[in-house]
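Predicted coordinates and the sequence they were generated for:
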Amino acid sequence: MNAVPRVLSVAGTDPTGGAGIQADLKAIAALGGYGMAVVTALVAQNTMGIRAVHAPPVEFLRRQLDGVCDDVEVDAVKLGMLFDTAIVETVADWLGRVRPPALVVDPVMVATSGDRLLLPEAEAALMRLLGEVESDVLVTPNLPELAVLASAAPARTESDLSDQARVVASAYGVRVLAKGGHLDADHSDDVLVAPDGTTTAIPGRRVATRHTHGTGCSLSAAVATARVRHGSWEPAVREAKAWLTESLQAAGTLHVGRGRGPISHFAGLWSRAGTYAPPPVTGRPID
Ligand SMILES: Nc1ncnc2c1ncn2[C@@H]1O[C@H](COP(=O)(O)OP(=O)(O)OP(=O)(O)O)[C@@H](O)[C@H]1O
Ligand SMILES: Cc1ncc(CO)c(N)n1
């Protein structure tokens with residue numbers, strides 16, 4: 001398939017450009033897709049934390065979603081921050097009507113700063129969405145999100161992580177990419193589990209950087225884009241993971257913000273085009 005993948009992100013915003021919709025659009029473009037965006041919630045945040053969330057009326061959300069799909073044939077959808085029950089239910093209803101061929105659900109719940117991006121009372125609605133959706137779905141929880149979906153205590157080992165991913169995959173009949181970024185390890189391996197429990201390791205190098213803001217958003221949008229080109233999940237996840245590691249490796253060259261900065265979404269492209277070659281990483285890890 002040679003066409004440019006048309007990928008829609010349905011998520012919240014980050015004015016500093018490292019997470020949410022802004023990160024998704026960069027990730028989609030970096031993987032060679034055409035990015036589109038429907039905003040669920042406006043978030044006043046920066047690299048240090050969340051200051052405020054404003055959720056416009058859901059009727060306006062519905063108008064955005066229908067506006068895109070009445071006009072554009074969408075190849076893949078990525079869901080990010082959904083914030084409250086009314087938003088989750090509006091998106092679930094729209095998915096039921098539109099049935100995008102490929103869907104990545106990043107079950108965004110809590111920011112690194114500890115602020116809620118999904119209200120606790122909306123978790124049940126998100127679980128209902130996962131159980132009902134009829135598209136070909138990949139769910140991409142981090143370690144705490146996986147524990148909520150599996151109704152278990154947070155995984156402490158890679159083997160716990162795989163077990164919980166299998167519980168979630170079987171309970172909801174979905175594919176799960178359980179992310180190991182929050183495990184205290186010298187690598188950043190993730191694990192991909194099919195609805196029938198088939199488990200595949202997705203190995204990843206650990207990059208010594210504190211600039212990991214928006215890695216989950218960027219990875220899920222990148223996987224959605226790569227899935228359209230590859231036609232299946234595993235090669236899409238491997239390609240997106242390799243791109244993420246390269247983008248994390250160059251994160252320290254960006255100098256955006258005083259907190260946990262963003263990744264450098266186009267580092268690989270810039271370096272191969274000779275636009276900007278980051279200096280070699282030297283010295284001690286920042287953390
Ligand atoms: N230091 C790191 N080096 C390499 N890969 C990393 C590092 N930290 C996270 N990752 C990878 O980034 C991806 C996102 O993982 P993580 O568990 O951090 O997700 P997340 O918590 O949803 O992200 P965020 O909330 O920051 O957007 C995973 O593939 C993970 O393995
Ligand atoms: C809008 C938004 N979505 C997700 C995250 C998690 O990285 C964030 N900080 N902001």
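Thanks, I have the structure now. Just so it is clear, the model here is predicted, and its values are computed rather than measured. Ligands and ions are numbered 1, 2, ... in the order given.

wait, what's in contact with residue 181?
Contacts for residue 181 (C-beta atoms under 8 Å, 6 or more residues apart in numbering) come out as 142-143, 188, 212, 215-216. Where you see a C-beta, it was placed from the backbone N, CA and C, and this is true even at glycine.

Can you name the helix or strand that residue 221 falls in?
Secondary structure from DSSP states H and E places residue 221 in helix 215-230.

Which one (most neighbours) among the contacts of residue 181?
Greatest neighbour count in those, by other C-beta atoms under 10 Å, goes to residue 215: 26 neighbours.

Tell me who's in contact with it.
Shown in contact with residue 215 (C-beta under 8 Å, 6+ apart): 181, 244, 248, 263.

And it, what's its pLDDT?
Looking at residue 215, its pLDDT is 96.

What distance do you get for it to residue 232?
For residue 215, the distance to residue 232 equals 23 Å [C-beta to C-beta, to the nearest Å].

pLDDT and secondary structure added to the contacts of residue 215, as TSV?
Formatted as TSV, those follow (pLDDT from 0 to 100; DSSP: H, G, I helix; E, B strand; the rest coil):
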residue	pLDDT	secondary structure
181	78	coil
244	97	helix
248	96	helix
263	97	coil
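
ok, which of the residues you listed also contact ligand 1?
181, 244, 248 (C-beta under 6 Å from any ligand atom).

Not counting its neighbours along the chain, what's nearest the second one?
Once flanking residues are discounted, residue 244 sits nearest to residue 219: 5.1 Å by C-beta to C-beta, 6 or more residues apart in numbering.

quick one: that neighbour from ligand 1, how far?
Applying C-beta to the nearest ligand atom, to the nearest Å, the value for residue 219 to ligand 1 is 5 Å.

Can you give the distance from stretch 128-142 to the centre of its chain?
Chain-centre distance of stretch 128-142: 13 Å, with C-alpha atoms, centre = their mean, to the nearest Å.

May I have the distance across that stretch, first residue to last?
Terminal residues of stretch 128-142 are spaced 19 Å apart (C-alpha to C-alpha, to the nearest Å).

just the helices in the stretch 101-250 of the chain please.
Assigned by DSSP state H, counting those that start in this stretch, the helices in the stretch 101-250 of the chain fall at 123-132, 143-149, 158-172, 215-230, 233-249.

which parts of the stretch 101-250 of the chain sit against ligand 2?
Counting by C-beta under 6 Å from any ligand atom, the stretch 101-250 of the chain comes close to ligand 2 at 108, 111, 117, 214, 216-217.

most neighbours, which of these?
Busiest of these [other C-beta under 10 Å] is residue 217, holding 30 neighbours.

With adjacent residues omitted, what lies nearest to it?
Closest to residue 217 by C-beta to C-beta, 6+ apart is residue 23, at 4.5 Å.

what number of residues lie near the closest residue to residue 144 other than its chain neighbours?
Of all residues not flanking residue 144 in the chain, residue 154 sits nearest, at 5.6 Å (C-beta to C-beta, 6+ apart). Per other C-beta under 10 Å, the neighbour tally for residue 154 reads 17.
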